[in-house]
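K.L.:
sequence and predicted structure, then a few things I'm wondering about:
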Amino acid sequence: MIDTDYLNFLETILTDNRKERFLEVLKNRTNHFTVAVEDVYQLHNTSAVMRSCEVFGIQELNVIEQRFGKRIDKQIALGAQKWVDIIRHETSNNCIESLRSKGYQIIATTPHEKDCLLENFDISKPSALFFGTEKEGLSEEIMQQADGFLKIPMVGFTESLNISVSAAIIIQNLTNRLRNSDIKWQLTEDEILEKRLTWAKNSIKDIKRIEKRYFEENPK
């Protein structure tokens, strides 16, 4: 349950332009699609995928850390880590189970057989879009458990794209189609309140001191 009194207090610290910008951006945010990256070795690629999620309105990014520990490359992410929810998973199976429990179908992005071309992908179902390592692609574990497969049509000699490029192309295409559809893809009112609170906290310097003082003066 969101503490709306606390939210209202924090928003008195923000400028009107910042509060209006939050509402404008949240109108285009969605949890209808989520993105998962599996064991991406080069950290700047994970950060670039996060930036694409933020730019095109995907609120949640799942990072599987089965083999490689992750940190955010702030220079590449350019602040996107403040506005996108990062959910970390120890194993691919944990990630799949978590996303399935939330009602997502598992979609593996791959240039191989059984693929659905990007323009033919059915956007009506909540989907988790999985992207794999730079050289090996997605693990066999994810490929076997996937509910569907997706690829970008290519007409050159090269069979694959860098993960950050692939993610940007796919996310832009699907979110643009989503916003032009009749599908109910927007965040719920509760989700919007939650993001307003999180983003307000991320925007205020010395938030821990302010938060401590507020709750001391306003005990529940």
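P.N.:
Sure thing, it's come through.

K.L.:
may I see the buried residues of the longest helix that the chain contains?
P.N.:
Ranked by residue count, the top helix of the chain under DSSP state H comes out as helix 163-179. Across helix 163-179, burial judged by 16 or more other C-beta atoms under 10 Å covers I163, S164, S166, A167, A168, I170, I171, N173, L174, T175, L178. Glycine gets a C-beta too; all of them are placed from N, C-alpha and C.

K.L.:
just the closest of the residues you listed to C53, please.
P.N.:
When these are compared for distance to C53 (C-beta to C-beta), I171 wins out at 6.5 Å.

K.L.:
show me the contacts for the nearest residue to that closest one once chain neighbours are set aside.
P.N.:
Nearest residue to I171, sequence neighbours excluded (C-beta to C-beta, 6 or more residues apart in numbering): F56, at 4.7 Å. F56 makes contacts with A168, I171, Q172, T175, N176, as judged by C-beta atoms under 8 Å, 6 or more residues apart in numbering.

K.L.:
assess the claim that V84 and E54 are in contact.
P.N.:
Yes. In terms of C-beta atoms under 8 Å, V84 counts as a neighbour of E54; the distance is 4.9 Å.

K.L.:
identify the contacts common to these two.
P.N.:
Common contact partners of V84 and E54 (C-beta under 8 Å, 6+ apart): none.

K.L.:
for the contacts of F56, give me CSV that also has pLDDT and distance to W199.
P.N.:
Shown next, in CSV, are the contacts of F56 (pLDDT from 0 to 100; distance: C-beta to C-beta, whole Å):
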residue, pLDDT, distance to W199
A168, 95, 23
I171, 97, 20
Q172, 97, 23
T175, 98, 19
N176, 97, 23
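
K.L.:
any chance of the residues you listed in TSV, plus distance to P219?
P.N.:
Below are the contacts of F56 laid out as TSV (distance: C-beta to C-beta, whole Å):
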residue	distance to P219
A168	47
I171	44
Q172	47
T175	43
N176	47
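
K.L.:
which among the buried residues of helix 163-179 gets closest to R100?
P.N.:
Checking these one by one against R100 (C-beta to C-beta), the nearest turns out to be L174, at 19.3 Å.

K.L.:
hmm, back to that, from the contacts of F56, which is closest to L138?
P.N.:
Comparing the contacts of F56 against L138 with C-beta to C-beta picks out I171 as the nearest, at 16.7 Å.

K.L.:
show me what contacts that closest one?
P.N.:
Neighbour list for I171: F33, V35, S52, C53, F56, I58, L129 [criterion: C-beta under 8 Å, 6+ apart].

K.L.:
cool, Y214 as well?
P.N.:
By C-beta under 8 Å, 6+ apart, Y214 lies in contact with Y6, F9.
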